[in-house]
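> The following comprises the amino acid sequence and a computationally predicted model.
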Amino acid sequence: MNKLKLNYTSLSFLPILVCIPLGYQLINNIHFGGFKLFQEFLISAFNPKIDNEIIITVIKRLNETILIGFFSWLVSIIFGAIFGIISSNIFYKIFNIPNFFYRIIRFFLTIIRSMHEVVWGILLMQIYGINFSIGIIAICIPYIAVNSKVFAEQLETIDYKSFESINQINAPKFSSLLTLIWNPIINTFKNFGLYRLECSIRSTVILGLFGIGGIGTSIFLSFQTLNFRELWTYLWSLAILIILPGLIFKKIKFNTTNKILSIFFISVFFITILFSFSYFLYFIFNNNFENFNSVSSLFKSSSDLGLFDFLKLILETIILSLLSTGIAISLPPLVIGIFNNHTSKIFIKIFAFLLRLIPTPVILLTLLTFNNPSVSLAALTLGLHNAGITSKLLFTNLDSQDKRNYIAMKSLGISKNTSWLLGLFSQQAKSYLAYCSYRSDIIIRETAIVGVIGSVGLGWQLQESLSSFAWQEVTLVLIAYSSIAIVGELINGKIKNSLT
Amino acid sequence: MNNTVIELENISYKYKNDLILNKINLKINSGEKIALLGKSGSGKTTLISVLNGTIKPTQGEVKFFNESFEELDRKQKSKITTIWQDLRLIEDLSAEQNVNCGLLAENNFYFAFKNLLNISSFKKAHKYMKLCRLHNSIYDKKIRKLSGGQKQRVAIARSLIQESNILLADEPFNNLDPKLITTIKNLLLENVDKNKTKKSPKTALVALHRLDLLNDFDKVIGIRDGKIFFNIKRNNLKKIHLEKIY
């Protein structure tokens, strides 16, 4: 008998096997109490509420969302670039600084990055109370670390020979550094900036669901009051908000040779840095930390969390991450491959857009109308949301791919689905898997969001511990959560390296 | 009077298990024009990299003006310019910005900043680009859009703008047509001749493959398997010497 050989194509489909245990638990947990609500939710999508009152509310809420999203984006992209520079090896080569510092900064950023903005948000809200700036800070903290990683990775692509040639000119160190990093930084900003703005807006919406303000808060309140028509008004306006920056960015040409534009960008850069520092100082000196009396409370608080329960929560979080990643990887190629015609593609694209648009807590709450809370339901939610994102990437890559192989195979009489699989997808499988390994890092972090809503894993425990001011438990949960994310990132890094 | 500019003492360089340079001793005097001959992989590029301080030798010492390379200050180091075989230009910058990079050593951070924003003066850069027969239509073109010959001349212009005392060049005439070779060769070596009478004459060490270009050099060094096989005056070069290294 021939041995089973796995290639990138089969590896892209294999994770769909997670649907077996997932489906089993979901079928066992099904209830019919909320089907009517679910039906109402779907119908309301085509009949959103539109009147003067709601339009005014939408504008007001969108304003808040834009403000939080834009400022957190601006600050995080600028400081991300700065931290990206000081965590890239080029910086240490030019200044002859020992690699030891480079490792410390990277490790520090990895820890910060390992915690989702919702975790930072819940934590900061508990300490400082709910206010507008908490939203910006909660998004900025992990985003600076995420952006710094992207910038550092780009800076590490600088040709070592260019570095040697500039270094050999013996220019002042800062001049050499600036000359070498200028274009990679600008290019990263061009290629990555818009995506991060979209991410910032999404994160603002999710934090809104936890009470920070903006359209997210309105979405959550509409859902709580089961006002689905109003909910869809907010969701559609959010869709416009997400699509709009893309259209605007397409029109803007970042011409670095345009002097006025360059001076404008540099002014924005320095003003943001100055503003951020002054705001940070204001924030530190004007808050009395009313809910977080002193650091000593961390040591005084006791923990009722047993070792067994704690390990169970960790295991739940890991299982949740694995199941969601399986769905996010395999569902898009499977669905696109099976329904491989023009009309189906349009429907899949719309469905994927909705999965990206609707915040995961809302998807989960909707699914909870006919299913009991479980790891599988949380995994399905997270998996579907991320499948929406991976399918967007897959569609983009497939649309831009050379289709000659596919056409040639079809002309040989091979079925459309097989031709798609072997002639189109097989060439994308490797890069698709590489992206998915990066995506699974994000999924691990996002387990916190669905955990809080779906009573699953460490996310739920974090919320519980924070509500009871059990700071020792909070610390334990955060360490566990962060450790899972860091280990996951290390494993995914290895997988990604072997794929690229 | 000791007019040695560069001195290599027992230089060896090992990469992994391969000995790339093997106990090289060499003295280069002020104003000397030296051609470095040897087949591909003989160690010419490594020798140039050791000379400009890009790689540290595994053994031995490189001295410039009787001082070790590490002891030289930034100003002294900037007197050494290199034309690399693989050019090492910054692909995303324009031709004039790349040439202006040659001025980074004598200017401050603000100059580097203005250069990247395209708001610095390119007058000097244009002068040297013109000398290298580069047409003004390519001045603001990105490096990746230029032909091999144009890139070669941008790298040469970047080196010339440094107005250095010591020129190290690794096959600088690659990608150039015969007419341009003569122009560029005169440009690179004229500098040396013009200043020969001055107190700090300029010096050139050029790695070459083409033997018909040797006429303008004072001395010829032959290198094979990381060892210097001969170091003689150009007039004394015979067929037997070349047979040793090729």
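Sure thing, it's come through.
> ok, residue A:196 - contacts?
A:73, A:76, A:77, A:143, A:147 (Cβ atoms under 8 Å, 6 or more residues apart in numbering or on different chains). In short, each C-beta sits where N, CA and C put it, glycine included.
> and the residues you listed, which two are the farthest apart?
Longest distance between any two of the contacts of residue A:196 is 9.5 Å, between A:73 and A:147; criterion Cβ to Cβ.
> So which helix or strand of chain B has the lowest pLDDT on average?
Ranked by mean pLDDT, DSSP states H and E, the weakest helix or strand in chain B is helix B:178-195, scoring a mean of 75.
> From the chain's centroid, how far away is it?
13 Å (Cα atoms, centre = their mean, to the nearest Å).
> Report all helices and strands that that helix contacts.
Helices and strands touching helix B:178-195, by 3 or more Cβ pairs under 8 Å, 6 or more residues apart in numbering or on different chains; DSSP states H and E, are helix B:148-160, strand B:166-170, strand B:203-207.
> out of those, which comes closest to chain A?
Set against chain A and scored by Cβ to the nearest Cβ, the helices and strands packed on helix B:178-195 come closest in helix B:148-160, at 8.4 Å.
> Let's see that closest one as CSV, backbone CA atoms only.
Output in CSV follows, covering the C-alpha atoms of helix B:148-160 (Å, rounded to 0.1, in the frame of the first residue of the first chain):
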residue,chain,number,x,y,z
GLY,B,148,23.4,48.0,-15.8
GLY,B,149,25.7,50.6,-17.4
GLN,B,150,23.8,53.5,-15.9
LYS,B,151,23.8,51.9,-12.4
GLN,B,152,27.6,51.3,-12.8
ARG,B,153,28.2,55.0,-13.5
VAL,B,154,25.9,56.1,-10.6
ALA,B,155,28.1,54.0,-8.3
ILE,B,156,31.2,55.6,-9.8
ALA,B,157,29.7,59.1,-9.4
ARG,B,158,28.8,58.3,-5.8
SER,B,159,32.4,57.3,-5.2
LEU,B,160,33.9,60.3,-7.0
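> average pLDDT for it?
Mean pLDDT, computed over helix B:148-160, is 93.
> So for that helix, what gets flagged as buried?
B:150, B:151, B:152, B:153, B:154, B:155, B:156, B:157, B:158, B:159, B:160 (16 or more other Cβ atoms under 10 Å in any protein chain shown).
> Pull the contacting residues for the fifth one.
Residues in contact with residue B:154, defined by Cβ under 8 Å, 6+ apart, are B:87, B:89, B:95, B:98, B:99, B:129, B:132, B:134, B:143, B:146.
> ok, and of those residues, which contact chain A?
When contact is defined as Cβ under 8 Å from any Cβ of the partner chain, those meet chain A at residue B:89.
> Backbone dihedrals for the residue of chain B positioned farthest from its centre, please?
The centre of chain B is farthest from one residue, residue B:119, which by Cα atoms, centre = their mean lies 29.0 Å away. Backbone torsions of residue B:119, given as degrees, to the nearest 10, read phi -110, psi 10.
> That one contacts residue A:266, correct?
No. The criterion here is Cβ atoms under 8 Å, and residue B:119 misses it with residue A:266 at 11.0 Å.
> Mind picking the one among the contacts of residue B:154 that's closest to residue A:242?
When the contacts of residue B:154 are compared against residue A:242 (criterion: Cβ to Cβ), the nearest one is residue B:143, at 37.4 Å.
> Residue B:101 is in contact with the closest one, correct?
No. Using Cβ under 8 Å, residue B:143 makes no contact with residue B:101, being 11.1 Å away.
> is the residue lying closest to residue B:172 once chain neighbours are set aside in a bridge, and if so with what?
Counting by Cβ to Cβ, 6 or more residues apart in numbering or on different chains, residue B:172 lies nearest to residue B:83, which is 4.5 Å off, once chain neighbours are set aside. Beta-bridge pairing of residue B:83 under DSSP bridges involves residue B:169.
> residues near residue B:83, how many?
26 (other Cβ atoms under 10 Å in any protein chain shown).
> Ok, residue A:307 next?
Residue neighbour count, defined by other Cβ under 10 Å, stands at 7 for residue A:307.
> The closest residue to chain B within the stretch 301-450 of chain A: what's it in contact with?
Distances between the stretch 301-450 of chain A and chain B by Cβ to the nearest Cβ are smallest at residue A:400, namely 21.2 Å. Listed by Cβ under 8 Å, 6+ apart, residue A:400 has no contact partners.
> Could you do residue B:184 as well?
With contact taken as Cβ under 8 Å, 6+ apart, residue B:184 is in contact with B:132, B:133, B:153, B:156, B:172, B:173, B:176.
> which one of these sits closest to residue B:20?
For these, the nearest to residue B:20 is residue B:172 (21.4 Å; Cβ to Cβ).
> Check whether that closest one really touches residue B:157, as I assumed.
No. Using Cβ under 8 Å, residue B:172 is not in contact with residue B:157, being 11.6 Å away.
> neighbours around residue 203, how many?
All of this refers to chain A. As a burial measure, residue A:203 scores 28 neighbours (other Cβ under 10 Å).
> right idea, wrong chain: chain B
25.
> What residues are bridge-paired with it?
Under the criterion DSSP bridges, residue B:203 forms beta bridges with residue B:166.
> That one against residue B:29, yeah?
Yes. Between residue B:203 and residue B:29 a contact is recorded at 7.5 Å, counting by Cβ under 8 Å.
> Which residues are in contact with each of those two?
Joint contacts of residue B:203 and residue B:29 (Cβ under 8 Å, 6+ apart) are residue B:5.
> Extract the C-alpha trace of the strand or helix carrying residue A:20 and format it as PDB.
Using DSSP states H and E, residue A:20 sits within helix A:19-28. Taking Å, rounded to 0.1, in the frame of the first residue of the first chain, the C-alpha atoms of helix A:19-28 are listed here in PDB:
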ATOM      1  CA  CYS A  19     -15.600  19.900  12.300                       C
ATOM      2  CA  ILE A  20     -16.200  16.300  13.400                       C
ATOM      3  CA  PRO A  21     -15.900  16.900  17.200                       C
ATOM      4  CA  LEU A  22     -17.100  20.500  16.800                       C
ATOM      5  CA  GLY A  23     -20.300  19.400  14.900                       C
ATOM      6  CA  TYR A  24     -20.900  16.600  17.400                       C
ATOM      7  CA  GLN A  25     -20.900  19.000  20.400                       C
ATOM      8  CA  LEU A  26     -22.900  21.700  18.500                       C
ATOM      9  CA  ILE A  27     -25.700  19.200  17.500                       C
ATOM     10  CA  ASN A  28     -25.900  17.900  21.100                       C
END
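> And residue A:117, how far from chain B?
Counting by Cβ to the nearest Cβ, to the nearest Å, the gap from residue A:117 to chain B is 33 Å.
> Revised request: answer the last question for residue A:461.
Distance of residue A:461 to chain B, computed by Cβ to the nearest Cβ: 48 Å.
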